[in-house]
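Chemist: Here is a sequence together with a model predicted from it:
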Amino acid sequence: ALPLSWGARRLARRARRGGRPGGDARPRTLGYAAGLEEYTTIPLSWSDQYVLVTPDGPDRPTTISLDGLRLAEIVRVSARSPMTGERTPWWHHVGHCRLPGPDPRAVAETSPRLVYDAADAVARSVAERLVAVGGTERHLIAAGMAAEQFRAAIRAAADWGYIVRLPTLPLAPCLEADQILAYAPWLELSPGGGAAGLTALIEVRSHAIVRPHRVVGRVELDWLGSLVILPISDGGGR
């Protein structure tokens with residue numbers, strides 16, 4: 001979730017020294033770079049979000065209180081609560097898309113697992129927090145799976161829920177919705193009503209670490225939050 005660029009890999013090696021083996025060096029890299037005058041850390045846009053995907057069933061949560069979870073405090077990346085007060089999630093606005101209808105589920109009962117991609121440290125932290133804070137009544141367990149197994153598990157819909165990473169503001173919402181339905185064909189994206197089985201949990205963003213004196217131009221963010229280098233005007237109006 002924190003891609004490193006322009007000399008940041010060398011910073012990461014420095015910051016990793018003295019750290020615990022196997023630890024995530026990225027937060028330490030940002031802190032290390034902040035203490036050096038030659039580097040500038042630029043926060044990018046809140047490009048991705050982690051979502052709880054739950055199949056239809058009697059144990060599906062109707063609402064989830066994000067205040068008690070405090071997810072932004074327990075993940076090791078720049079994170080914030082989803083901006084639900086300022087905007088509704090993008091999947092609430094795909095009613096105009098030509099999407100397939102949901103496939104019927106053959107599973108009558110689900111296991112008490114909350115499944116996540118084992119390679120995603122943020123997804124693991126989110127799943128473990130959900131289980132620790134709100135999963136005791138349902139006897140939930142957090143279970144990490146390899147990517148292929150994870151996708152197969154979502155398609156089978158035989159678990160209580162899944163932690164999935166999605167774009168916060170996709171350029172092509174219809175295409176993104178179609179891709180979601182490709183691995184979760186049982187999910188119903190109703191026109192104007194979003195999806196009862198999708199709950200936004202947390203938004204994350206990346207950082208760029210740059211050496212300004214080595215960049216020929218002006219470093220800015222475009223309207224999508226992507227990093228761009230603009231030429232410095234010579235004052236001649238060209």
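Modeler: Nice, thanks for sending it over.
Chemist: Helix or strand for residue 201, just tell me which one.
Modeler: Residue 201 is located in strand 198-205, with elements delineated by DSSP states H and E.
Chemist: Mind listing residues that contact that strand?
Modeler: Strand 198-205 has contacts (CB atoms under 8 Å, 6 or more residues apart in numbering) with 1, 43-54, 61, 64, 66, 69, 71-72, 75, 77-84, 89, 91, 122, 126, 130, 163, 168, 187, 225. Yep, even glycine has a C-beta here, placed from its N, CA and C like the rest.
Chemist: so what strands line up beside that strand?
Modeler: With DSSP bridges as the test, strand 198-205 is paired with strand 48-53 (antiparallel), strand 78-80 (antiparallel).
Chemist: Sort out which residues of the last one are buried, please.
Modeler: The neighbour-count criterion (16 or more other CB atoms under 10 Å) identifies 78, 79 as the buried residues of strand 78-80.
Chemist: returning to what we had before: mind saving the C-alpha coords of the strand holding residue 201 as CSV?
Modeler: Taking C-alpha atoms only, strand 198-205 is exported to CSV below (Å, rounded to 0.1, in the frame of the first residue of the first chain):
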residue,chain,number,x,y,z
LEU,A,198,-20.8,-4.6,0.5
THR,A,199,-19.6,-2.5,3.5
ALA,A,200,-16.8,0.0,3.2
LEU,A,201,-14.4,-0.3,6.2
ILE,A,202,-11.3,1.8,5.6
GLU,A,203,-9.6,3.9,2.9
VAL,A,204,-5.8,3.8,2.3
ARG,A,205,-3.3,5.8,0.3
